[in-house]
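Peer 1: following is a predicted model, sequence given first.
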Amino acid sequence: MRADVETLAAEVRGPVLLPGSRGYDEERTGFQTGFRHRPAVVVGATRPEDVRAAVRFAAERRLPVAVQSTGHGIVTALDGEGVLITTRRMKAVVVDAEGGTVRAQAGVLWGEVIERAAPYGLAPVNGSAPHIGVVGYLLGGGVGLLGRRTGYASDYVRALDIVTADGALRHVTAGSDTDLFWALRGGGGNFGAVTAIETALVPVTRLYGGGLHFAADHPVDLLHAYRAWTLTLPGELTSSIGLMTFPPLPSVPEPLRGRYVAHVRIAFTGSAEEGERLVAPLRALGPRLIDTVREMPYTEVGTIYQDPHVPHAYFGGNVLLSELDPTALRTVVEVAGPDATVPCIVDIRHLGGAFARRPTDPGAVGGRDAAYMLRVMTGGTAAPSTAARPVHQRVYDALKQWTVGRSLNSVYNDGAPVRQEQVRELFAAEDFERLRRVKTLHDPHNLFRFNHNIRPTAATD
């Protein structure tokens, strides 16, 4: 094996590392520190040819392959075997202002695209955190910051460069390979290693947005008020609410330290005057601990959610809901609220609007009819899933009557075996079968392993 790896290293410009070698642990570690790959070989790709060499090396030996950029959503972890390809060094970004598109290599972050597109009066359909990788987010569907206006981010993808299991580098478009293009937009990284992606931009330069922090002494009442408010909103306003206990740390703003808090996040592309009118019912709920809702340039959208930048361990999942039932919300708070047996973050995102739109050429995204997404997460200094899993499951059980699916981008593997029936929950039934056909055609030996891996039809469940 070592001699083979030396041959591989001669083909690759980036680092090729074995367990125990200098830099191995740093290279395999991403944002998620609770669950990490422990591959037989790590290849730090700097160009598409590096990715091709790594895939060919793995295919010749029938070794599983995982691809990691930022490592926010850990894929099915390689444990003592396989090849991990890291793409963080592939950072080229090219904005085509006239065509309204951007081409980004596999290591590019959304914040980099935001900055490059802004001078042209354009913006990407990014999510809440600018430090998330572009490719992984788009492959998983993408519940965007402006999603009720723009719809799923994967619907904006125009082309992808991908290395498939046969070692070929393909430029995939709707015209070149209809089925593979469809599968890659919402079906995840099951079908190859994407080296670059081209996606459309939107003409947005500013918005009215920010966050409202309330002391959540009566969290059920706040959730009921948020639910009622969302029923009145236009499609130009996308929002969410999060409930959590903030740690008593100096890095946390003083008004939030040690308190159980509700954080309402708002992104509205209409005028500031109309935004003030729409947000007024929320402000009338009571005193705010912090209120950052304001007119802002699009380049400041990372301040709306204030997602953490420091790598840490976390475990969680989600359900897509047809309704926020008031009785069920009370159960959610009882199970995962301030008195939960493990600390939980409850996050509810308002969908509908353009999320429910069905484009002429849609991708594989499931659950488009959902009105809300509810996530439950637990963090910690070590992998927290053992204690958290039963608590989270009680929440999902309480919401089962209204559950219409799950969102792929917000499913985090905790090392437990994933059954194919769990994967089916992410897609419409006919779409799942189509995805398996695409997988079987392009990756018959299941080389590429992804979070909630779609297996080829010849594989056993």
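Peer 2: Received, thanks. Numbering: from 1, shown residues only.
Peer 1: contacts, neighbours, all on C-alpha from now
Peer 2: Will do.
Peer 1: contacts only, for the residue nearest in space to the middle of the chain.
Peer 2: Centroid check for the chain by C-alpha atoms, centre = their mean gives Asn409 as the closest residue, at 3.6 Å. Counting by C-alpha atoms under 8 Å, 6 or more residues apart in numbering, Asn409 touches Gly73, Tyr137, Gly140, Gly141, Gly142, Val143.
Peer 1: of those, select the buried ones using a PyMOL command.
Peer 2: Buried members of these, defined by 16 or more other C-alpha atoms under 10 Å, are picked up in PyMOL with:
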select buried, resi 73+137+140+141+142+143
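Peer 1: can you pull the contacts of Leu321?
Peer 2: Leu321 makes contacts with Ala370, Ala371, Tyr372, Met373, Leu374, Leu399, Trp402, Thr403, Val404, Gly405, as judged by C-alpha under 8 Å, 6+ apart.
Peer 1: in contact with the fifth one, which residues?
Peer 2: Pointing back at Leu374 there. Contacts here follow C-alpha under 8 Å, 6+ apart; on that basis Leu374 touches Asn318, Val319, Leu320, Leu321, Val346, Asp347, Ile348, Arg349.
Peer 1: out of those, which is nearest to Gly100?
Peer 2: Nearest to Gly100, judged by C-alpha to C-alpha, of the contacts of Leu374 is Arg349 at 27.9 Å.
Peer 1: hang on, that closest one packs against Ser240?
Peer 2: Yes. The pair Arg349 / Ser240 is scored as a contact, 4.2 Å apart, by C-alpha atoms under 8 Å.
Peer 1: out of these two, which sits in the more crowded spot?
Peer 2: Just comparing Arg349 and Ser240: by other C-alpha atoms under 10 Å the higher neighbour count belongs to Ser240, 22 against 19.
Peer 1: C-terminal to the strand or helix carrying the more buried one, what's the next element?
Peer 2: If you go by DSSP states H and E, Ser240 is part of strand 237-245. Note on strand 237-245: by DSSP H and E, the next helix or strand toward the C-terminus is strand 260-268.
Peer 1: on contacts alone, who are the packing partners of that following strand?
Peer 2: Secondary-structure packing of strand 260-268 (3 or more C-alpha pairs under 8 Å, 6 or more residues apart in numbering; DSSP states H and E): strand 206-215, strand 237-245, helix 302-305.
Peer 1: how about stretch 115-129 as PDB, C-alpha atoms only?
Peer 2: The C-alpha trace of stretch 115-129 is given here as PDB (Å, rounded to 0.1, in the frame of the first residue of the first chain):
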ATOM      1  CA  GLU A 115     -17.900  39.600  -2.100                       C
ATOM      2  CA  ARG A 116     -17.000  38.900  -5.700                       C
ATOM      3  CA  ALA A 117     -20.600  39.400  -7.000                       C
ATOM      4  CA  ALA A 118     -21.500  42.500  -5.000                       C
ATOM      5  CA  PRO A 119     -19.600  45.000  -7.200                       C
ATOM      6  CA  TYR A 120     -21.900  44.000 -10.100                       C
ATOM      7  CA  GLY A 121     -25.100  44.400  -8.100                       C
ATOM      8  CA  LEU A 122     -25.600  40.600  -7.900                       C
ATOM      9  CA  ALA A 123     -25.800  38.100  -5.100                       C
ATOM     10  CA  PRO A 124     -25.800  34.300  -4.800                       C
ATOM     11  CA  VAL A 125     -28.600  32.200  -3.400                       C
ATOM     12  CA  ASN A 126     -26.600  31.400  -0.300                       C
ATOM     13  CA  GLY A 127     -27.700  30.100   3.100                       C
ATOM     14  CA  SER A 128     -27.400  31.700   6.500                       C
ATOM     15  CA  ALA A 129     -23.700  31.100   7.000                       C
END
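Peer 1: distance from the chain centre to it, please.
Peer 2: In terms of C-alpha atoms, centre = their mean, to the nearest Å, the centre of stretch 115-129 is found 17 Å from the chain centre.
Peer 1: for that stretch, give me every contacting residue.
Peer 2: 93, 95, 97, 100, 102, 110, 113-114, 134, 142-147, 150, 153, 200-205, 298-299, 301-302, 304-307.
Peer 1: same check, this time on stretch 42-53
Peer 2: With C-alpha under 8 Å, 6+ apart, stretch 42-53 has contacts from 8, 11-18, 24, 27-28, 54, 83-90, 163, 167-169, 193, 195.
Peer 1: below-threshold pLDDT in the stretch 51-200 of the chain: ranges please.
Peer 2: Along the stretch 51-200 of the chain, segments meeting pLDDT under 70 span 74-76.
Peer 1: do you know the pLDDT at Ala10?
Peer 2: With respect to pLDDT, Ala10 has a value of 95.
Peer 1: send the alpha carbons of the host helix or strand of it over as CSV?
Peer 2: Assessed by DSSP H and E, Ala10 sits inside helix 2-11. Output in CSV follows, covering the C-alpha atoms of helix 2-11 (Å, rounded to 0.1, in the frame of the first residue of the first chain):
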residue,chain,number,x,y,z
ARG,A,2,2.8,2.5,0.9
ALA,A,3,4.4,2.0,-2.5
ASP,A,4,1.1,2.6,-4.2
VAL,A,5,0.6,5.7,-2.2
GLU,A,6,4.0,7.0,-3.2
THR,A,7,3.0,6.5,-6.9
LEU,A,8,-0.2,8.5,-6.2
ALA,A,9,1.8,11.2,-4.5
ALA,A,10,3.9,11.6,-7.6
GLU,A,11,0.8,12.4,-9.6
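Peer 1: wait, Leu160 sits on Ala196?
Peer 2: Yes. Using C-alpha under 8 Å, Leu160 is in contact with Ala196, at 5.9 Å.
Peer 1: low-confidence ranges, the stretch 251-400 of the chain, go.
Peer 2: For the stretch 251-400 of the chain (pLDDT under 70), the answer is 381-384.
Peer 1: just to revisit the earlier point, so can I have TSV of the contacts of Leu321 showing secondary structure and distance to Ala106?
Peer 2: What follows is the contacts of Leu321, written out as TSV (DSSP: H, G, I helix; E, B strand; the rest coil; distance: C-alpha to C-alpha, whole Å):
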residue	secondary structure	distance to Ala106
Ala370	coil	30
Ala371	coil	31
Tyr372	strand	30
Met373	strand	27
Leu374	strand	29
Leu399	coil	36
Trp402	helix	36
Thr403	strand	33
Val404	strand	31
Gly405	strand	28
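Peer 1: Asp4: which of these is nearest?
Peer 2: Using C-alpha to C-alpha, these come closest to Asp4 at Gly405, 43.8 Å.
Peer 1: got a list of what the closest one touches?
Peer 2: Residues near Gly405 by C-alpha under 8 Å, 6+ apart: Val319, Leu320, Leu321, Gly366, Gly367, Glu425, Leu426, Phe427.
Peer 1: okay, the residues you listed in TSV with secondary structure and distance to Arg2 next?
Peer 2: Output for the contacts of Gly405, formatted as TSV (three-state DSSP; distance: C-alpha to C-alpha, whole Å):
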residue	secondary structure	distance to Arg2
Val319	strand	44
Leu320	strand	46
Leu321	strand	50
Gly366	coil	43
Gly367	coil	46
Glu425	coil	41
Leu426	coil	40
Phe427	coil	41
